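J.: Here is my input, please return the structure:
(one chain, ligands or ions: 1)
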Amino acid sequence: MCGIVGYSGHRRASEVLMDGLKRLEYRGYDSAGVAMVEDGRLVLLKRQGELDVLQKALPKFEGRTGIGHTRWATCGRPSDRNAHPFVSCDGKLAIVHNGIIENYTALRERLESEGHHFTSETDTEVVVHLMETHFSGDLRQALADTVREIQGTYAIAAVLEGSQEIAAARKENPLVVGLGVKENFLASDVTALLSHTSQVLYIMDGETVSLTPNGVAVYDHDGASVKREPSVVTWSAEDAQKGGFEHFMLKEIFEGPNAIHNTLLGALDLIENGDVLPRMDFQTVKLVACGSSFHAAMVGKYAMEEFAGVPTTLELASEYRYSPGAREAPLVILITQSGETADTLAAAREARRRGCRTLAVTNVVGSTITREVDEVLYTRAGPEIGVAATKTFLTQLLAMYLLAIRIGYANGTLSHDSMRSALSSLRQSSNMVQSVLNHIHDIEEASKMIDKADHCFFIGRNINYPTMLEGALKLKEISYIHAEGFAAGELKHGPLALLDSTTPVIAVAIKGDHTYEKMLANISEVAARDSPVLGVGLEGDTDLSRLCERMIFVPPVKPVFSPIPVTVALQALAYYVANRRGCSIDKPKNLAKSVTVE
Ligand code: F6R
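T.: So this is what the prediction gives:
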């Protein structure tokens, strides 16, 4: 989730760029930089850290054309040299980029063999070197020729020494042009433009743009000129930060499909080539985490045993370090979206002290956990502002499946065909989530069954037992309703005593799962105590819907992967319940995004 800004006009570019970058701050970032045309020459300034660090280092540039970037590190840790912009060897071109260049390794090898000198560890840097090879006087054409060689996703902006032009290109990453009078703007997010103009041109996939103070020209993939009427933006700056969503949490739930897509893009190759966990000489796996991440670990245990047949144990990070310690030296996988949770960091240190191999699953490049472990698998959910974990949790589930499939294939539990088929099911998961989101208004309606309750139960079995623990956690943390998750088979061992007509029960039963019939029996037990049941099941499941007062349907899915769409449905449910109760959704009371105390 990086940010791009660009300006060409009559004002000091540095001031417009810094203002734009400030307005993108809410997206989160770990470094920032600008490139400007100053007295005809390109100047570049970039810094790791807060925007203030860049601001303090910025001299009073007079240049009127430039580009800027805020970076959320994905390829290459946060540092000055990995920050954007990047400049060509001859110093004439500079670029910024959002997205992922999938074929960068091959491109870099080729460019290095042709004599290009690289200064960073990023995928992005290949873009500027490629542009240099294609440049023969026309900046936009050089960019158009460059993107033809790139596989992956991108929004790119480029500037050229001695020129007022900005060239830009887009594929699967947002890019918008702001139209002014004798000045024009560029941004990855309309938020950055709102203080200057409400007239914008949205750039579409495959298009390239040339922007100067006097005009904007858009071209399609084949180089033909595109005519497009400007759109008028009516958002306030505050609305726009949230992309028009009422809360960050809802925005982040809607970012689920993209987060899955990016996580798979980043990890599939690593998993298939065996770059993650190259050594497979462990007998057991231990999964260690806190809160929602622990629920992802629980799903991971089921996945690990299903796909890899490896005995897997779980421990809360806050307990692990005080436990007697395993005799064998297993692989310990630590799951933490922030990479800064104190208990999980302490557990990582303890695991190494005990001689275990350690692998972290985290969403934040360069976070502390990455320095405490032997290996890292990154989720690529982008920054999450809402305190409740949503898209980061979803991508943790993906990481659990990917690791289980990797280990299962490497240890021979999965054949090549089964491995490919499992990965191809995972590739479908982003569509499944999108399909849940397409019917989100049904979930909003279903929230009316719960919003007045004081207590609420979530029940599931097998791989959806942790999903229901997570559903309950989400509801309690943002709506303040007392919510508990149970393995459905446990109800009759005590909790059933609490059920009556004022206690709604959310029950998941996935047709095709070997516990499905047992779930139907548990739901009947609950309904017999007059508890209103909100069922979560597969589209068209009439056996389940007959037993429930109301249904949330998810698209057809193999039971083992059902936590993915079910999770998103329960996140949305918690959101709408909390919204109906008027709660402070993005900042629930007493909670913080990253828990740095033990
Ligand atoms: C719940 C939530 C927390 C975190 C927990 C661990 O929505 O976000 O339960 O999951 O504090 O945080 P990380 O994953 O950063 O270690």
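J.: give the contact list for the nearest residue to Asn82 once chain neighbours are set aside.
T.: Computed as CB to CB, 6 or more residues apart in numbering, the closest residue to Asn82 that is not its neighbour in sequence is Gly76, at 4.1 Å. Yep, even glycine has a C-beta here, placed from its N, CA and C like the rest. Gly76 makes contact with Asn82, Ser120, Glu121, Thr122, Asp123, Val365, according to CB atoms under 8 Å, 6 or more residues apart in numbering.
J.: in which helix or strand would I find Leu377?
T.: Taking DSSP states H and E as the criterion, Leu377 maps to strand 375-378.
J.: Tell me how far that strand lies from the chain's centre.
T.: 15 Å (CA atoms, centre = their mean, to the nearest Å).
J.: That one pairs with which strands, and in what direction?
T.: strand 357-362 (parallel) (DSSP bridges).
J.: any idea of the mean pLDDT in the host helix or strand of Ala158?
T.: Per DSSP H and E, Ala158 falls inside strand 152-160. Averaged over strand 152-160, pLDDT sits at 94.
J.: Remind me what that strand packs against, helices and strands.
T.: When contacts are defined as 3 or more CB pairs under 8 Å, 6 or more residues apart in numbering; DSSP states H and E, strand 152-160 packs onto strand 3-8, strand 31-38, strand 65-71, strand 93-101, helix 125-134, helix 139-147, strand 166-171, helix 256-273.
J.: which residue is nearest the middle of the protein?
T.: Among the residues of the chain, the one closest to the centroid is Ala381, at 1.0 Å (CA atoms, centre = their mean).
J.: For it, give me its contacts.
T.: Ala381 sits next to Glu255, Ala259, Asn262, Thr263, Gln337, Asn363, Lys391, Thr392, Leu394, Thr395 when contact means CB under 8 Å, 6+ apart.
J.: Surely the last one and His261 touch.
T.: Read that as Thr395. No - using CB atoms under 8 Å, Thr395 is not in contact with His261, being 10.0 Å away.
J.: who's more crowded, these two?
T.: Neighbours per residue (other CB atoms under 10 Å) separate Thr395 from His261, with Thr395 holding more: 28 against 20.
J.: Shouldn't that one be within a helix?
T.: Yes - judged by DSSP: H, G, I helix; E, B strand; the rest coil, Thr395 forms part of a helix.
J.: residue contacts, it?
T.: Contact analysis of Thr395 by CB under 8 Å, 6+ apart lists Ala259, Ile260, Thr263, Asn363, Thr379, Arg380, Ala381.
J.: Just give the number of residues close to the fourth one.
T.: Other residues within reach of Asn363 by the criterion other CB under 10 Å amount to 27.
J.: So for it, what's the pLDDT?
T.: Asn363 is given a pLDDT of 89.
J.: Assess the claim that it and Val376 are in contact.
T.: No - look at Asn363 against Val376 with CB under 8 Å: they stay out of range, at 10.8 Å.
J.: so how far is Thr336 from the nearest residue to Glu350 once chain neighbours are set aside?
T.: Distance criterion CB to CB, 6+ apart; nearest residue to Glu350, sequence neighbours excluded, is Arg321 at 4.3 Å. Arg321 sits 14 Å away from Thr336, going by CB to CB, to the nearest Å.
J.: what do you get for Tyr29?
T.: According to CB to CB, Tyr29 and Thr336 sit 20 Å apart.
J.: next one: Phe248
T.: Using CB to CB, we find Phe248 at a distance of 20 Å from Thr336.
J.: The two - which one has more neighbours?
T.: Neighbour totals were compared for Phe248 and Thr336, and Thr336 leads with 31 against 23 (other CB under 10 Å).
J.: Just the pLDDT for Ile166.
T.: Note for Ile166: predicted pLDDT of 98.
J.: in the sheet, who's paired with it?
T.: Val159, Leu211.
J.: Where does pLDDT dip in this structure?
T.: Low-confidence segments of the chain, defined by pLDDT under 70: 1, 27-28, 235-240, 270, 274-278, 326-329, 592-598.
J.: Excluding chain neighbours, give the residue nearest to the residue in it that the ligand sits nearest to in space.
T.: Using CB to the nearest ligand atom, the single residue of the chain nearest to the ligand is Gly291, 2.0 Å away. Nearest residue to Gly291 in three dimensions, chain neighbours excluded: Leu473, at 7.0 Å (CB to CB, 6+ apart).
J.: Give the full set of residues in contact with the one you found.
T.: Residues near Leu473 by CB under 8 Å, 6+ apart: Gly291, Ser292, His295, Ala483, Gly485.
J.: List the contacts of the third one.
T.: Just to be clear, that refers to His295. Counting by CB under 8 Å, 6+ apart, His295 makes contact with Phe393, Pro466, Thr467, Leu469, Glu470, Leu473.
J.: How about the second one?
T.: Contact partners of Ser292, counting by CB under 8 Å, 6+ apart, are Gln337, Ala389, Phe393, Gln396, Glu470, Leu473, Lys474.
J.: out of the residues you listed, who's near the ligand?
T.: The residues of those that also fall near the ligand, by CB under 6 Å from any ligand atom, are Gln337, Ala389, Leu473.
J.: returning to what we had before: neighbours of the residue of the chain closest to the ligand, just the number please.
T.: 21.
J.: Give me the distance between it and Lys251.
T.: For Gly291, the distance to Lys251 - CB to CB - is 21 Å.
J.: and what of Ala168?
T.: According to CB to CB, Ala168 stands 24 Å off from Lys251.
J.: doesn't Tyr516 make contact with Leu538?
T.: No - Leu538 is beyond contact range of Tyr516, at 9.7 Å (criterion: CB under 8 Å).
J.: so what's in contact with these two at the same time?
T.: Ile510.
J.: My understanding was that Val554 contacts Thr567; is that so?
T.: No - contact criterion CB under 8 Å: Val554 and Thr567 do not qualify, at 9.8 Å.
J.: higher neighbour count, these two?
T.: A count of neighbours by other CB under 10 Å puts Thr567 above the other of Val554 and Thr567, at 30 against 24.
J.: in a strand, that's where that one is, yeah?
T.: No - secondary structure of Thr567 (three-state DSSP): helix, not part of a strand.
J.: Quick one: neighbours of the residue nearest to it when sequence neighbours are not counted, just the number.
T.: What sits nearest to Thr567 in space, not counting adjacent residues and going by CB to CB, 6+ apart, is Thr467, at 5.7 Å. Thr467 is flanked by 29 other residues according to other CB under 10 Å.
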